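J.: Compute the structure for the input listed below.
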Amino acid sequence: MIKKLCLFFAALIMIQVSLSTPLLAASQDYILSGDKRVPIPESYLISKTIYSIGAPEGMTSYFDKPQDLFINEQGYLFVADTGNNRIVKLTTDGTVVGIYSGDPDSPLRSPAGIYADEVGEMYIADTQNNRIVHLAADGRFIEEFVTPSSELLRDTFALAPSKLLVSPTGYIYTVKGQNIMAMDAYNRFRGFLGQTEIGFRFVDAFIRMFASQEQRNNIAKRNAPYYLNITMDTKGFIYATSLDPGGEIKKLNSLGFDLFKHRKNKQPLGERRNIETGEPLTPRFIDIAVSSQGIITALEELSGKLYQYDQDGNLLTVFGGKGTKKGKFSAPTSIVNDSDGNLYVLDGAQGGIYVFAPTRFIQRVHQAVDLYSQGEYLKAYEAWEEVASINENYQLVYSGLADTLYKQEQWNESMDNYQMANDRSGYSNAFSEFRYVMLRHYFFLVVLLIILGVFLLFQCVKWLKRLSVEAAQEAERGKGRMNVITGINLSLGVIFQPRQTFELIITARGRLNYGAGILILLAVFLVRMIYLAVIHYPLESMNIIESNLLLESVKLLLPPLTWIVASFFITSISDGESKIGEIFTASSYCMVPYLLMMVPLALLSNILSLQESVLFDLLYSGMWVWILILFFISIKMLNDYTMLKSTIAYAASGASILLLWSIGLLWYVLSGRLYMFISGVVREVQMSWM
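T.: Predicted structure coming up:
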């Protein structure tokens, strides 16, 4: 508990620091925490703009609706100048090196994609001509690739290339609807890869089973999501963007299997909600670039923002966007990165290329990620510490530090950092290793503690049983009002002899001490707070720092209290013998398993990892089943009902509870609206008098 309180105060200090840090004040870059944007230091700064280069007089742009941008190993930029039916080759400072329109007898028409190899030879998606054109570095026509002949393709199939790349093996890959199409250097079809599985729907199968042929023909065919763009990294993996919900970015191997869906971070890609209107969003990544370090940058069409991820799917930064300010775009269409880490963004509307240089902050982040992937864990740790020195509130700092410490087998320190990063899975893995080491070092002490624990548990059960028996005997022979201690000890009888205990409540009618029931319910709330403070971090459903005392008390005490009212009403109209005081006492007694099990469960959780949560959940659920059974026994014994009548009364009481909650909620809403109405009338009257 002390550790959690320390973390709470540390979080407050971090928030204060983040609010007072001038570095973040001017930055519009951020990362995401759920649907919330968390500001970070500037990650990229616009260094220059390649705009209106050599544009003829009267023209505002050198390019006309350019659709694709590529940079080859030589460092040259290639622009698919779609509206001008040409390819423009530039240096990175904007100097035009060459302009290529293809074979004069068969010029390019609306080229939408460009790929250039290490010597400058170009492969062009000549979209309107329905072909792929291969040009030499000087622009000479070499060959063309047209729709391949294959029995696997329909007669109506058209190549219609848009985005393409060429692998080191000579295969040409081009985006083709739901697939990525592969051709070899001899214009032979080599198959499709990467189609997203659309899954099975029982409704479709049911309709097709019973529908007529005409009805089946009218049923809309379900298609896999379409691909938008592709690129390839230095290792030969194909990175693609698609309209697949939850799989907008894919990393495909040679067989077409998506490796990115198995990433460590399963958080959704992009932003899923409009921060201003709250409406749901579906990201549309129209282009993607991958650096030599494996850093993935995706261009989102609707917002114009650039989202950058590592290989585990961790969001490193979000920057850019549409607008008229410096570093903003009108209609970005393509993105590439060079060997120095600079990003080049092609704006199709403005006809310009914006060059972004990485800041020291994001360079250190990339360095830390790269060092970790290479197994340089100590150096990666130092790099993450440097990132923390720039901005210790950067969410990935603690994850990065924890991962490097884990690889260095510093389990305890990695657990602390995983907790700061709110990574329960990572914490659990580190804890499992830490537990294994402790078990090996203190094996005999652990065995001794287990034996001692079993012995103490046995003695505790005997002691509790003795207290309940003595209280039961005192309740049977007593003549005056039962004292509080006797009432509390009597409640322990529901653990060992629930039927007899509830019968004693009837026997002691008029002598019950309701103070015992009140103390039990207050103890239930106190135990809940202790449980939240003691439970192991990977298994906790709520942090005690984030808990609301009023809400916790309502969640715990409202069900038994409304049960008392509902049960009294139901039993009163169904020949029940119990009075409300007896129902209150019995209901409080039913909560005794909660008192006895919650703290031991919390203590037990501290030796369990996330992988063993099934055992914890089983015990926790079993406790609540036990409590519900006790409530059933109480309504049967207090009213001397048959099993059938008890079942009906039990179900009716449960339904009444739901009714009471509904009425309470309705009253809360209506009273709130009535208050707003009266307040509005009062304000209008006051304004009319002014």
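J.: so who does residue 563 touch?
T.: Residues in contact with residue 563 (Cβ atoms under 8 Å, 6 or more residues apart in numbering) are 587, 631, 653, 657. Placement of C-beta: from N, CA and C, glycine included.
J.: can you do 10 Å?
T.: 583-584, 586-587, 590, 631, 634-635, 653-654, 656-657, 660 (Cβ atoms under 10 Å, 6 or more residues apart in numbering).
J.: So which of the residues you listed sit within helices?
T.: When DSSP state H is applied, the contacts of residue 563 are split such that 583-584, 586-587, 590, 631, 634-635, 653-654, 656-657, 660 fall in helices.
J.: Torsion angles phi and psi at the one residue sitting closest to the centre of the chain?
T.: For the chain, the residue sitting closest to the mean C-alpha position, by Cα atoms, centre = their mean, is residue 267 at 3.6 Å. Taking degrees, to the nearest 10, you get phi -70, psi 150 for the backbone angles of residue 267.
J.: Return the distance of it relative to residue 423.
T.: Distance, residue 267 to residue 423, by Cβ to Cβ, to the nearest Å: 12 Å.
J.: ok, back up a step: kindly reformat the ones in helices among the contacts of residue 563 as CSV and extend each row with distance to residue 613 and neighbour count.
T.: Shown next, in CSV, are the ones in helices among the contacts of residue 563 (distance: Cβ to Cβ, whole Å; neighbours: other Cβ atoms under 10 Å):
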residue, distance to residue 613, neighbour count
583, 36, 24
584, 35, 23
586, 33, 29
587, 30, 22
590, 26, 25
631, 27, 21
634, 31, 28
635, 33, 27
653, 32, 23
654, 28, 16
656, 34, 18
657, 29, 19
660, 34, 17
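J.: Would you mind giving the residues you listed as JSON lines with distance to residue 357 added?
T.: Converted to JSON lines, the ones in helices among the contacts of residue 563 look like this (distance: Cβ to Cβ, whole Å):
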{"residue": "583", "distance to residue 357": "73"}
{"residue": "584", "distance to residue 357": "72"}
{"residue": "586", "distance to residue 357": "73"}
{"residue": "587", "distance to residue 357": "68"}
{"residue": "590", "distance to residue 357": "67"}
{"residue": "631", "distance to residue 357": "67"}
{"residue": "634", "distance to residue 357": "72"}
{"residue": "635", "distance to residue 357": "73"}
{"residue": "653", "distance to residue 357": "69"}
{"residue": "654", "distance to residue 357": "65"}
{"residue": "656", "distance to residue 357": "68"}
{"residue": "657", "distance to residue 357": "63"}
{"residue": "660", "distance to residue 357": "64"}
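J.: What residues does residue 415 make contact with?
T.: 402, 405-406, 426-431, 433-434, 537-538.
J.: Repeat the analysis, applying 8 Å as the threshold.
T.: Residue 415 neighbours (Cβ under 8 Å, 6+ apart): 402, 427, 430-431, 434.
J.: residue contacts, the residue located most distally from the centre of the chain?
T.: Within the chain, residue 479 marks the point farthest from the mean C-alpha position, 62.2 Å out by Cα atoms, centre = their mean. Contact analysis of residue 479 by Cβ under 8 Å, 6+ apart lists residue 511.
J.: what does residue 299 give?
T.: Residues in contact with residue 299 (Cβ under 8 Å, 6+ apart) are 285-288, 306, 332, 334-335, 345.
J.: same question, residue 464
T.: Contacts of residue 464 were listed using Cβ under 8 Å, 6+ apart, and they are 492, 495, 596.
J.: Kindly recompute the last result at 6 Å.
T.: The contact partners of residue 464, by Cβ atoms under 6 Å, 6 or more residues apart in numbering, come to residue 492.
J.: Which strand or helix spans it?
T.: Using DSSP states H and E, residue 464 falls within helix 443-477.
J.: repeat for residue 346
T.: Per DSSP H and E, residue 346 falls inside strand 343-347.
J.: That strand - contacts with which helices or strands?
T.: With contacts defined as 3 or more Cβ pairs under 6 Å, 6 or more residues apart in numbering; DSSP states H and E, strand 343-347 has these neighbours: strand 332-337, strand 352-358.
J.: Quick one: mean pLDDT for the longest one?
T.: Going back to what we said before, that points to strand 352-358. Taken as a whole, strand 352-358 has a mean pLDDT of 94.
J.: quick check, nearest of the contacts of residue 299 to residue 51?
T.: Proximity of the contacts of residue 299 to residue 51 (Cβ to Cβ) peaks at residue 345, which lies at 12.0 Å.
J.: Next, count neighbours for the closest one.
T.: Neighbour count of residue 345, defined by other Cβ atoms under 10 Å: 27.
J.: Need the nearest residue in space to it, chain neighbours excluded.
T.: Nearest residue to residue 345, sequence neighbours excluded (Cβ to Cβ, 6 or more residues apart in numbering): residue 354, at 4.6 Å.
J.: Good, wrapping up.
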